[in-house]
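1. generate coordinates for the sequence data below:
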Amino acid sequence: IILRFIFVLLGIAIINAFKWIIYIFGILLIISGIKMMINKEDDVSFENSKLIKLLKKMIPVTKELHDEKFFIRINNVLHATPLFAILFLIEGSDLLFAIDSIPAIFAITTNVFIVYTSNIFAILGLRNLYFLLEKLHSTFEYVKYGVALILIFTGIKLGISFKYHISIGISISVIILILVISVIASIIISKKTKK
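-> As a prediction, the model looks like this:
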């Protein structure tokens, strides 16, 4: 939560100082959307995570837990335990998600209170709905592409925001339309594949 707050403050300060940075945020969102569309969802193991590989470059990580310790010394060399590695993975993933979600809200407002509270409510809501979304994912497999299109749309909206203003009403309508189409496509295609 504190890291998100720092991200929000930095983002708003950067936007106020350098208006052109909004284009970079837009490009980031478009790239994220494209990557989401083309990436296949293979099961990524804990060991193969890029964040864990980064951690292992900084400090050796033990293979076994050592009670509730984050770090231990083995032969006078400091090692991280898998418990710390998991914490590093969770917090690192949260920061990576912030790279998408915080620029997306800048497409609507730069009010610090709204940006921060919307991010916190999104985190709380998504974490509670994670298991439900995981179960629904197999039923609505094309929603992933809908979300990717929403990221691309938001990136484009940010990119053209200085010349063209897309109202919040139109933005919400486009987002709802994309989600509805992706859900309907998921239902129709899953029924055809079952037949």
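
2. in a strand, Arg73, correct?
-> Yes - per DSSP: H, G, I helix; E, B strand; the rest coil, Arg73 lies within a strand segment.

3. in terms of contact, does it touch His79 like I think?
-> Yes - using C-beta atoms under 8 Å, Arg73 makes contact with His79 at a distance of 7.2 Å. Any C-beta I mention is one placed from the backbone N, CA and C, and that applies to glycine too.

4. element containing His66, please.
-> Using DSSP states H and E, His66 maps to neither a helix nor a strand.

5. please disregard the earlier target; I meant His79.
-> strand 77-80.

6. and if you look at Met36?
-> Here Met36 sits within helix 21-38, counting by DSSP H and E.

7. buried set for the helix or strand that that helix is followed by?
-> For helix 21-38, the following helix or strand on the C-terminal side (DSSP H and E) is helix 50-58. Buried residues in helix 50-58, counted by 16 or more other C-beta atoms under 10 Å: 51-52, 55.

8. could I get these as TSV with distance to Thr109 and pLDDT?
-> Output for the buried residues of helix 50-58, formatted as TSV (distance: C-beta to C-beta, whole Å; pLDDT from 0 to 100):
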residue	distance to Thr109	pLDDT
Leu51	30	79
Ile52	36	83
Leu55	35	86
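
9. list just the nearest of those to Tyr116.
-> The nearest member of the buried residues of helix 50-58 to Tyr116, counting by C-beta to C-beta, is Leu51 at 24.3 Å.

10. if we can go back for a sec, from the chain's centroid, how far away is the helix holding Met36?
-> Remark: helix 21-38 is offset 11 Å from the chain centroid, using C-alpha atoms, centre = their mean, to the nearest Å.
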